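In: can you look at this prediction? I've put the sequence above it.
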Amino acid sequence: MGALDRLFRPRAVALIGASRDRYAVGGAILHNLLRAGFQGAIFPVNPKAEALHSLKCYPSVEAIPDPVDLAIIAVPRAAVVEALRACGRKGVGAAVIITAGYRETGAAGRALEEELVRVAREGGIRLVGPNCMGIMNMAPDVRLQASFSASLPPPGNVAFASQSGAVGEAMLALLQERGLGLSMFVSLGNKADVSSNDLLAEWGDDPSTAVILLYMESFGHPQKFLEVAARVTRHTPIIAVKAGRSAAGARAAASHTGALAGSDRAVDALLAQSGVIRAGTIEECFVYASALATQPLPAGPRVAIITNAGGPAILATDTAIASGLQMAALSDATTAALRAALPPEASVANPVDMIASAQAAQYSTVVQAVAADPGVDALIVIFTALETNQPGPVADAIIVATRGLAKPVLVCFMGTITDPSAVTHMREASLPVYTFGEDAARALAVMVQCQAARQRPLSAPPPLPVGAWDEVHALCATLQRQQRRQMTLAEAQRVLQWAGIPVLPWREVASPADAAAALAGLSLPVVAKVSSSVIVHKSDVGGVRLSLGSAEAVRTAIDELLARARAVDPEATIVLQQQATAGVEVIAGAVRDPRFGPLLMCGLGGVFVEVLQDVSFGVHPLHGTDIQAMLRRLKAFPLLDGARGRPKADLQALEDILRRIEALMVACPAIAELDINPLFAAPVDGVTAAADARVTLKESDGA
């Protein structure tokens with residue numbers, strides 16, 4: 001047996017710390033093992049008892065005469081290490097440590113937890129916890145409920161891992177309430193060994209698991225998560241509730257990218273790139289899971305809505321469109337069939353409004369006709385309870401009409417349902433049932449996203465031409481020896497050019513006398529900008545002059561700017577740069593996140609970046625269409641894509657620049673933050689190029 005097989009499919013379980021007290025942790029776990037009907041052997045371990053629940057009790061795990069695959073350890077903290085060592089000597093392959101008081105308590109607890117990990121590895125034991133509530137595998141041939149949860153979900157196809165015991169208990173109860181069955185559950189606790197990544201790899205290959213739910217508070221290894229989750233979501237949907245959205249984790253930064261890149265931005269980017277659906281709340285998680293666990297994914301985004309009341313259908317339609325779905329255009333044959341089955345007052349356009357008098361027979365006919373339309377990818381069926389109709393017959397009609405259908409059907413039963421068993425019967429028939437049509441529309445949109453995740457390429461893009469990395473490394477090393485973290489504008493623009501990123505033509509000057517020679521290589525008008533390692537924000541000293549159309553205007557601007565700048569930085573110089581004449585102002589950059597690594601950013605640039613914060617992030621490594629997806633997530637993307645008669649920007653050039661920024665961050669670990677703002681995204685027949693840049697280095701070791 002593999003290590004995780006011994007965790008989830010043990011042939012024998014030892015409960016170390018078993019108790020006859022039903023409400024003690026060791027007693028509750030023993031009770032759950034028995035009531036779930038565990039299909040293997042149960043060995044209680046308690047040196048003070050001879051038998052518990054008619055089971056022979058043993059003084060230690062080593063006293064058990066038979067092999068043991070899994071140990072559940074629920075003893076006081078002082079006894080845990082020795083219990084784990086005994087498991088190693090016994091040959092136990094997996095252990096779940098319920099006991100708390102480790103890393104969550106501070107430095108001393110962290111040291112004890114590290115000792116647990118050492119002991120487990122020496123004994124060849126895979127470890128869940130510590131500080132957790134246990135695990136479950138509800139497969140009929142296993143029936144393992146090795147936790148102190150009060151819930152006993154029915155067998156099903158939802159796997160669930162929680163980093164919080166309390167949230168885990170609440171979600172297990174909701175699984176029962178919503179009629180969703182459980183395949184496996186793990187309370188991760190402190191994640192000292194077994195992590196979400198391990199579970200995703202295990203559950204992604206499990207034929208009994210159709211959807212994976214995660215409640216997460218932290219990432220142990222974000223890059224590994226990206227790799228594993230991207231592979232799993234190509235065949236098994238993952239829904240994650242990630243706590244910690246607040247700005248408390250934000251840090252002060254020298255660049256726009258650093259200032260905007262709070263930890264939650266990185267989480268959003270990581271989950272999006274891996275194909276994981278992020279739910280904002282536990283309730284939202286179940287809205288999505290109810291559909292994903294019961295229905296096939298749609299072939300496309302075209303939805304048809306069937307209703308017996310106009311208002312709910314309009315609300316569902318609004319939500320569907322806002323969520324990226326499309327209202328299907330019904331064929332002439334479909335509308336003819338609907339017209340023959342419905343009264344003249346009914347609407348046979350999409351949404352199909354059968355009006356309030358619709359009965360079960362109309363639901364059956366209309367659902368079958370619309371489902372057969374090749375232009376429909378999915379259906380939302382809405383029933384509003386009235387005095388004139390009965391929910392039971394309508395539910396039965398929907399069940400029969402959709403049986404064996406290869407398209408997803410999501411149902412909404414609204415109002416006072418006089419026969420609650422109607423909803424129960426539909427859920428038993430694997431139809432997700434919602435109270436509001438808007439929830440059904442949002443769930444369907446998520447299903448479309450999951451289908452798209454299955455199509456995303458996993459292969460890396462072709463390598464870029466190698467940049468002049470030696471020059472970049474040499475400059476960074478020099479600046480770090482000087483204990484200087486901020487590059488001047490001139491230095492930053494050289495770095496961009498060494499990386500192969502186009503920069504608008506420019507020259508560096510130190511006095512007005514240099515203007516004539518500099519202008520010989522530039523076309524008017526030009527921009528004059530302060531270049532300084534001390535003056536981070538040029539606006540602080542009025543350090544920019546635009547639209548300089550003559551040599552005299554340039555000399556005057558240089559003289560004025562140097563006077564302002566050198567009052568702050570005697571080493572300041574001026575960059576003269578050809579002024580851009582066309583293109584959308586974009587910001588592009590990167591920040592080195594301490595947990596997630598290089599984090600790329602793009603968005604609407606210029607003066608709008610801080611006001612509108614229309615930005616999108618991506619976590620290294622970006623594969624296939626990830627950078628395209630970053631651009632398309634921007635609200636301003638239509639401006640780049642030729643909206644309202646604008647010339648379409650050269651999107652390939654933008655993608656190439658973002659890839660080069662990523663390559664620069666990977667090749668040069670000394671760079672902490674990088675901004676290009678503005679980057680002028682020119683039309684296809686123009687040149688997309690940087691007009692300003694800022695580069696910040698990490699603190700050197702000697703700083």
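Out: Yep, it's here.

In: count of neighbours near Pro344?
Out: Pro344 has 6 neighbouring residues, counting by other CB atoms under 10 Å. Glycine gets a C-beta too; all of them are placed from N, C-alpha and C.

In: what about Val186, which helix or strand?
Out: Assigned by DSSP states H and E, Val186 falls within strand 182-187.

In: buried ones in the helix or strand that that strand is followed by?
Out: Remark: after strand 182-187, the chain's next helix or strand is helix 196-204, criterion DSSP H and E. Using 16 or more other CB atoms under 10 Å as the test for burial, helix 196-204 gives Ser196, Asn197, Asp198, Leu199, Leu200, Ala201, Glu202, Trp203, Gly204.

In: and Arg555, which of the three is it?
Out: Three-state assignment for Arg555 (DSSP: H, G, I helix; E, B strand; the rest coil): helix.

In: Ser550 - how many residues pack around it?
Out: If you count neighbours by other CB under 10 Å, Ser550 ends up with 12.

In: next one: the one 5 residues further on
Out: Neighbour count of Arg555, defined by other CB under 10 Å: 20.

In: next one: it from Ser531, what distance?
Out: Separation of Arg555 from Ser531 (CB to CB, to the nearest Å) stands at 17 Å.

In: what lies in contact with the strand holding Val186?
Out: Identification of contacts with strand 182-187 by CB atoms under 8 Å, 6 or more residues apart in numbering yields 8, 128-129, 132-139, 147, 153-162, 165, 168, 172, 175, 194, 199, 203, 206, 208-209.

In: mind checking which of these land in helices?
Out: Taking DSSP state H, the ones among the contacts of strand 182-187 that sit in helices are Phe8, Gly165, Gly168, Leu172, Leu175, Leu199, Trp203.

In: so the second one is in contact with Cys132, correct?
Out: Yes: between Gly165 and Cys132 a contact is recorded at 6.5 Å, counting by CB atoms under 8 Å.

In: so where do the strands sit in the stretch 501-650 of the chain?
Out: For the stretch 501-650 of the chain, the strands defined by DSSP state E, counting those that start in this stretch cover 506-509, 526-531, 544-548, 573-578, 584-593, 597-604, 615-619.

In: which strands and helices sit next to the second one?
Out: Helices and strands touching strand 526-531, by 3 or more CB pairs under 8 Å, 6 or more residues apart in numbering; DSSP states H and E, are helix 489-498, strand 544-548, helix 551-566, strand 573-578.

In: the longest one too?
Out: Applying 3+ CB pairs under 8 Å, 6+ apart, we find strand 584-593 packed against helix 256-260, strand 597-604, helix 637-640, helix 651-667, strand 671-681.

In: please apply the same query to the fourth one.
Out: Of the remaining helices and strands, those touching strand 573-578 by 3+ CB pairs under 8 Å, 6+ apart are helix 489-498, strand 506-509, helix 515-519, strand 526-531, helix 551-566.

In: now find how far off-centre it is within its chain.
Out: Relative to the chain's own centre, strand 573-578 is displaced by 42 Å; criterion: CA atoms, centre = their mean, to the nearest Å.

In: and it, which strands flank it?
Out: Using DSSP bridges, strand 573-578 pairs in its sheet with strand 506-509 (antiparallel), strand 526-531 (antiparallel).

In: pull the longest helix from the chain.
Out: The residue-count maximum for a helix in the chain (DSSP H) belongs to helix 437-455.

In: got the buried residues for that one?
Out: So, applying 16+ other CB under 10 Å, buried residues of helix 437-455: 437-453.

In: repeat that for stretch 390-400.
Out: By 16+ other CB under 10 Å, the buried positions in stretch 390-400 come out as Gln390, Pro391, Gly392, Pro393, Val394, Ala395, Asp396, Ala397, Ile398, Ile399.

In: can you tell me which of those residues is nearest Val615?
Out: Ile398 (43.8 Å; CB to CB).

In: tell me which element that closest one falls in.
Out: helix 391-402.

In: and that helix, what does it pack onto?
Out: helix 360-371, strand 378-384, strand 409-414, helix 421-428.

In: of the ones you listed, which is nearest Ala636?
Out: Ala636 lies closest, by CB to CB, to one member of these: strand 378-384, at 29.9 Å.

In: pLDDT of the closest one, averaged?
Out: For strand 378-384, the mean pLDDT works out to 97.

In: what pairs with that strand, parallel or antiparallel?
Out: Short version: by DSSP bridges, strand 378-384 pairs with strand 302-307 (parallel), strand 409-414 (parallel).

In: nearest to Val45, out of the ones you listed?
Out: strand 409-414 (48.3 Å).

In: you'd agree Leu214 is up against Asn197?
Out: No: in this structure Leu214 lies outside contact range of Asn197 using CB under 8 Å: 10.7 Å.

In: what is the least confident helix or strand in this structure?
Out: Within the chain, no helix or strand scores below helix 256-260, which has a mean of 50 by mean pLDDT, DSSP states H and E.

In: give me phi/psi at Ser78?
Out: Ser isn't right for residue 78; it's Ala. phi -60, psi -20 (degrees, to the nearest 10).

In: and the pLDDT for it?
Out: 96.

In: can you check Arg178 too?
Out: So Arg178 comes in at 85 (pLDDT).

In: contact partners for it?
Out: Counting by CB under 8 Å, 6+ apart, Arg178 touches Phe286, Ala289, Ser290, Arg427.

In: quick check: which element contains the residue nearest to Ala18 when sequence neighbours are not counted?
Out: What sits nearest to Ala18 in space, not counting adjacent residues and going by CB to CB, 6 or more residues apart in numbering, is Pro44, at 3.5 Å. Element membership of Pro44, judged by DSSP H and E, is strand 41-45.

In: and whichever helix or strand comes after that strand, how far from the chain's centre?
Out: Later in the chain than strand 41-45, the nearest helix or strand by DSSP H and E is strand 51-52. Relative to its chain's centre, strand 51-52 lies at 47 Å (CA atoms, centre = their mean).
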